[in-house]
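[1] Only the shape, not the letters, is given here:
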């Protein structure tokens with residue numbers, strides 16, 4: 001029986017459930033405490049820094065020879081901006097690190113930090129798009145006088161003709177508020193100095209250990225071999241922890257400079273202020289439609305607030321360039337024009353957060369479909385039927401090639417699960433009783449598992465994508481796979497163990513996955529962008545297949561049969577022609593200890609494999625039913641259905657868990673979470689008293705339906721699934737709210753749809769209706 005497709009309990013869980021996990025804070029014992037002094041202002045010139053007479057306090061002047069972080073894209077429309085690890089002459093966002101203190105414990109470090117006085121001459125802060133792009137706007141950085149750090153443009157030849165021929169042109173302006181990933185475990189690191197080797201080991205809550213090592217070594221100017229980076233158990237990442245942050249550079253510098261162990265554990269307020277933010281986009285989009293609802297063309301102006309700096313290594317281009325390339329989503333049309341800009345402001349840096357640009361671009365296209373359907377008198381489901389991609393491979397107007405998917409099929413499955421005709425009857429009855437129910441849909445594609453070709457196309461200086469795996473079966477028949485991916489809660493080790501177990505004929509409990517340690521694993525790109533099961537999984541499958549062939553060769557020689565007659569299963573090597581069996585552990589021992597007998601196989605059972613695919617598209621349809629309380633503006637989600645297609649499901653339970661978590665974060669984006677700055681650039685939502693993540697009380701039961709489409713674009717036939725829940729949920733919820741409030745003639749184009757915003761729309765509609 002195959003291990004693939006079985007909902008095995010996660011191999012990672014026993015230690016976590018027993019409280020035996022090892023997080024960064026668990027490793028800080030004995031280390032000196034580090035605290036950063038942060039700017040209270042969003043913009044200004046540093047006139048001076050006063051230090052207390054006693055205590056270890058360091059500023060930029062002390063960090064002699066330390067370079068700035070400077071991520072690069074090699075394209076003419078990109079403006080590189082340098083980020084000092086400690087601000088020297090000026091500050092550009094509230095929360096920027098200006099100084100760092102070191103003390104024996106956290107309390108003393110906090111006391112010492114409060115004694116540091118930073119004298120700043122304030123400047124007018126540039127906080128939003130109007131301030132950044134207005135005529136005569138103050139430049140956040142002198143090297144970017146127009147406050148645009150990256151700009152992408154595309155225009156196909158027939159755009160103007162398509163709009164001229166359109167029966168209906170739908171023009172929308174949508175806004176997504178600013179969010180934070182808010183991982184349960186905030187950022188943190190413990191840097192341990194080894195006086196004998198002169199090396200530092202950095203234990204850090206990160207997603208890309210090798211990339212972090214490269215970045216720190218480059219900025220501090222020493223060989224990468226002098227630094228080991230270990231990601232122990234990580235309490236959530238969601239993209240926020242994949243960037244090189246200044247704090248980690250300073251932490252390693254302190255360990256080397258002081259030749260002692262130091263630890264920095266970020267508190268929640270710091271995380272809100274200075275860890276990477278996300279979203280904060282305004283999309284102006286026009287859609288040209290034929291009278292039958294066929295989408296002919298899109299013309300878009302996309303703006304992304306990328307904050308004060310560019311994130312390393314993916315740069316500030318990640319949101320605007322993904323928005324430009326992937327806005328067409330699951331719909332087939334040929335004419336497309338778009339301008340997409342990354343705009344710098346005096347706010348915290350942006351970095352990828354689960355879904356990246358796609359929650360906003362999906363919201364845009366799905367609101368477009370609903371508005372067009374209403375204007376053309378077509379059912380919202382029917383207009384999608386007429387426009388969804390049906391034939392594969394499909395090439396989008398931006399040149400992306402979609403492999404096999406099931407866009408229409410997942411939508412029909414969601415519509416059936418929701419039982420739309422029955423709901424419409426119930427909706428009418430509820431309205432007659434003064435209750436407002438609505439149904440909404442969201443169909444989307446999720447580009448996953450893409451390797452170096454996709455990143456090279458962006459002009460990245462550092463091109464991630466491939467994965468290497470070193471895999472060995474030891475003489476006892478147990479397997480170790482050392483991977484460059486770095487899981488942080490996704491259950492990847494369990495899923496990879498199942499995949500490898502199928503190739504080698506051993507149980508998953510005999511497979512150990514080693515990850516997150518730059519000394520113990522091949523150079524890899526960590527875990528992000530729904531890539532690990534596709535790319536690390538593909539490399540594991542290739543490597544395990546190579547070891548399996550060697551295992552079969554040895555077993556065949558031992559049983560005096562041909563290798564092609566050997567089958568590996570149930571921890572045994574079967575010679576099907578002669579009905580002989582050998583335990584796999586016995587064959588493995590012979591491969592090491594009797595290697596002279598098997599010259600064709602060579603000694604041992606070790607292989608390395610690389611996988612670097614172009615990528616594959618998952619797809620799904622989200623559907624939900626909501627009830628809106630028109631007196632309070634509150635929204636209750638009654639049902640939430642996900643019909644998804646992520647290819648073969650290695651472990652369906654883990655896949656469902658990924659979907660549940662993603663949907664929860666998507667609902668948070670739709671209804672609850674928003675970081676708000678005032679006009680001076682001061683963050684007003686710097687605690688959980690003001691930033692409102694949903695709780696279990698706000699979450700509906702999530703119903704999941706699976707389809708499986710086989711694609712040759714992925715060697716495992718699995719597609720990425722980590723971000724889909726977050727991508728589709730906001731649009732489904734917003735469309736459902738608009739459907740519920742249709743008697744008021746209300747449209748909604750901003751998220752989160754807070755009770756206050758909904759009440760404002762209802763009030764305005766009521767005033768209008770009363771003349």
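    Noted; the coordinates are in hand. No experiment lies behind these values; they were computed from the predicted model shown. Numbers count the residues shown, from 1 in each chain.

[2] For the stretch 301-450 of the chain, which segments count as strands?
    Using DSSP state E, counting those that start in this stretch, the strands found in the stretch 301-450 of the chain span residues 335-344, 394-395, 401-402, 436-448.

[3] What is the helix or strand just after the last one packed up against?
    Next along the chain after strand 436-448, taking DSSP states H and E as the criterion, comes helix 452-457. Under the contact criterion of 3 or more C-beta pairs under 8 Å, 6 or more residues apart in numbering; DSSP states H and E, helix 452-457 touches no helix or strand at all. Every C-beta, even on glycine, is put in place using the N, C-alpha and C of the backbone.

[4] list the buried ones in helix 452-457?
    When burial is assessed from 16 or more other C-beta atoms under 10 Å, helix 452-457 yields the following buried residues: 452, 454, 455.

[5] Which residues belonging to the longest helix seen in the chain are considered buried?
    Assignment by DSSP state H gives helix 532-559 as the longest helix of the chain. For helix 532-559, a neighbour-count test (16+ other C-beta under 10 Å) marks 532-548, 550-559 as buried.

[6] okay if I get the strands of the stretch 301-450 of the chain as JSON lines plus mean neighbour count, distance to residue 64 and mean pLDDT?
    Listed next are the strands of the stretch 301-450 of the chain as JSON lines, based on neighbours: other C-beta atoms under 10 Å; distance: least, C-beta to C-beta, whole Å; pLDDT from 0 to 100:
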{"stretch": "strand 335-344", "mean neighbour count": "24", "distance to residue 64": "28", "mean pLDDT": "98"}
{"stretch": "strand 394-395", "mean neighbour count": "15", "distance to residue 64": "53", "mean pLDDT": "97"}
{"stretch": "strand 401-402", "mean neighbour count": "18", "distance to residue 64": "50", "mean pLDDT": "97"}
{"stretch": "strand 436-448", "mean neighbour count": "26", "distance to residue 64": "44", "mean pLDDT": "97"}
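
[7] Select, out of these, the one closest to residue 205.
    Distances from residue 205 to each of the strands of the stretch 301-450 of the chain were compared by C-beta to C-beta, and the smallest falls on strand 436-448, at 24.1 Å.

[8] Pop the domain breakdown of this protein in here.
    Residue ranges for the domains of the chain, per automatic domain parsing: 31-123, 275-452+615-770, 453-611.

[9] Nearest to residue 12, out of the ones you listed?
    Using C-beta to C-beta as the measure, domain 453-611 is the one of those that comes nearest residue 12, at 5.5 Å.

[10] Compute the first-to-last residue distance for the closest one.
    For domain 453-611, the first-to-last residue distance is 12 Å (C-alpha to C-alpha, to the nearest Å).

[11] pLDDT on that domain, on average?
    Regarding domain 453-611, the rounded mean pLDDT is 96.

[12] do stretch 251-264 as well
    Per-residue pLDDT over stretch 251-264 has a mean of 98.

[13] give me the element residue 264 is part of.
    Residue 264 belongs to strand 262-265 when assigned by DSSP H and E.

[14] following that strand, which helix or strand comes up?
    Remark: after strand 262-265, the chain's next helix or strand is helix 268-274, criterion DSSP H and E.

[15] Which parts of that next one count as buried, going by neighbours?
    Judged by neighbour count (16+ other C-beta under 10 Å), helix 268-274 contains these buried residues: 270, 271, 272, 273, 274.

[16] Surely residue 715 touches residue 542?
    Yes - under the criterion of C-beta atoms under 8 Å, residue 715 lies in contact with residue 542, with a separation of 7.0 Å.
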